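Participant: Generate a structure from the sequence data that follows.
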Amino acid sequence: MKKELSYIDKDRIIEMAWEDRTTFDAILLQFGLKEQEVINLMRIEMKSSSFKMWRERMQGRKTKHEKLRTFREGRFKCSMQRQINNNKISKR
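Facilitator: Numbers count the residues shown, from 1 in each chain. Just a heads-up that it's a prediction; the model follows:
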């Protein structure tokens, strides 16, 4: 790896890597780690079984790569998700 990462940075990178919709490009932008470097960090910092589970999840996942996404901006929102107005959740 290029630079020494703090425990907090490593923790955040692992958290971002587990999130389905956080791209490797976002991790690169924020922490300067390329996809392969994130994979290496995950391999070192996680238990072997957890790493294998993560790799299986990430294989071919389009949302982890900016160029493969079907959407460009904003966040995905399910049509069944409730609206929040004035700190109250609206009823359907």
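
Participant: Verify the stated contact: residue 9 with residue 31.
Facilitator: Yes: look at residue 9 against residue 31 with C-beta atoms under 8 Å: they come within range, at 6.4 Å. Heads up, the C-betas are built off the backbone N, CA and C, glycines and all.

Participant: Those two - which one has more neighbours?
Facilitator: residue 31 (19 against 15; other C-beta atoms under 10 Å).

Participant: That one: what's it in contact with?
Facilitator: Counting by C-beta atoms under 8 Å, 6 or more residues apart in numbering, residue 31 touches 5, 9, 12-13.

Participant: Tell me which two of those sit farthest apart.
Facilitator: 5 and 12 (9.3 Å; C-beta to C-beta).

Participant: low-scoring stretches of this structure, by residue?
Facilitator: Counting by pLDDT under 70, the ranges of the chain that qualify are 1-3, 60-92.

Participant: Helices of this protein, start to end?
Facilitator: Per DSSP state H, the chain carries helices over the ranges 7-18, 24-31, 35-45, 48-58.

Participant: What is the neighbour count of the spatially closest residue to residue 34 that is not a sequence neighbour?
Facilitator: In this structure, residue 34 finds its nearest non-sequential neighbour in residue 28, 6.0 Å apart by C-beta to C-beta, 6 or more residues apart in numbering. Other residues within reach of residue 28, judged by other C-beta under 10 Å, total 15.

Participant: do residue 13 as well
Facilitator: 21.

Participant: Using a markdown table, lay out the contacts of residue 31 together with distance to residue 36.
Facilitator: A markdown table is the format used below for those (distance: C-beta to C-beta, whole Å):
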| residue | distance to residue 36 |
| --- | --- |
| 5 | 15 |
| 9 | 18 |
| 12 | 19 |
| 13 | 13 |
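
Participant: Out of the residues you listed, flag the one nearest to residue 57.
Facilitator: For the contacts of residue 31, the residue nearest residue 57 by C-beta to C-beta is residue 13; the value is 16.1 Å.

Participant: Let me know whether the closest one touches residue 41 as I believe.
Facilitator: Yes: between residue 13 and residue 41 there is a contact under C-beta under 8 Å: 6.2 Å.

Participant: and for the two, which residues touch both?
Facilitator: Counting by C-beta under 8 Å, 6+ apart, the contacts common to residue 13 and residue 41 are 5, 33.

Participant: Brilliant, that's me finished.
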